[in-house]
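K.L.:
got a predicted model here, sequence first, then my questions.
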Amino acid sequence: MAVTNLNSVKEILGITTNKDDAAIAKLIPSVTNYMFKGFNNSFEILTSRVFIESSSLVFTNSTAPKISDTRANFLLCGFAIGQNIRIKGSALNDGVYEIKSITTTEITLSSDDELRNEFATYSIKITLVTIPREAELFIAKVIGHQLKAEKGLKSQRLGDWSATYSDGEDIPNAIMAIMEPYRRVYD
């Protein structure tokens, strides 16, 4: 699983219908990327020696999403089943994924994950990540806020008339506070 999935978000938000499934599924990758960029934290394990940087990776999304590289040895690099990895530098597949199975030349990802077909001729890095438990809650709460956000009058004042309109995009401070301990001020 990436950071979260449709069923987990629905469970956290107490959603029992399928009415918003398409919207939730579309929001998960966007909100996840917002989390990484907004808090300036990729959650990479910087002390880990488990990583690969390659210009011969192939991403396929057939029956199961797979990453292959005939020049690399994923097992010797230290990757293992159940680990979360982050792909960085890809044209189409940057993100966090879970390893379901692994061989020397191929990583099969969790069935919850989705890749776009890509043949890389440029350097892409795959690193280990440790995603805090709060991340799933944060993503679900932001999605819940986006689903409920109503555009319209946010505040008004009568003396010297003033009005402020909400675009429905502001994320409440209480939601932002969930991930605040993980914010990095430097890169």
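P.N.:
Right, received. Where do you want to start?
K.L.:
for stretch 6-17, buried residues please.
P.N.:
6, 8-10, 12-13, 15 (16 or more other C-beta atoms under 10 Å). Where C-beta positions appear, they are placed from N, C-alpha and C, glycine not excepted.
K.L.:
likewise for stretch 96-109?
P.N.:
Of all the residues in stretch 96-109, those buried under the rule 16+ other C-beta under 10 Å are 96-100, 102, 106-109.
K.L.:
possible to save those residues as a markdown table with distance to Thr63?
P.N.:
Below are those laid out as a markdown table (distance: C-beta to C-beta, whole Å):
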| residue | distance to Thr63 |
| --- | --- |
| Val96 | 21 |
| Tyr97 | 16 |
| Glu98 | 17 |
| Ile99 | 17 |
| Lys100 | 12 |
| Ile102 | 17 |
| Glu106 | 13 |
| Ile107 | 15 |
| Thr108 | 10 |
| Leu109 | 12 |
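K.L.:
mind listing what's buried along stretch 66-82?
P.N.:
Buried residues in stretch 66-82, counted by 16+ other C-beta under 10 Å: 66-69, 72, 74, 77, 79.
K.L.:
spatially, which two of those are the most separated?
P.N.:
For the buried residues of stretch 66-82, the maximum inter-member distance is 16.2 Å, found between Lys66 and Cys77 (C-beta to C-beta).
K.L.:
so which elements touch the longest helix belonging to the chain?
P.N.:
Longest helix in the chain by number of residues, with DSSP state H as the criterion: helix 21-38. Counting by 3 or more C-beta pairs under 8 Å, 6 or more residues apart in numbering; DSSP states H and E, the packing neighbours recorded for helix 21-38 are helix 6-13, strand 95-102, helix 134-148.
K.L.:
if we can go back for a sec, check the buried residues of stretch 96-109 and tell me the two furthest apart.
P.N.:
Among those, the pair separated by the greatest distance (C-beta to C-beta) is Val96 and Glu106, at 18.8 Å.
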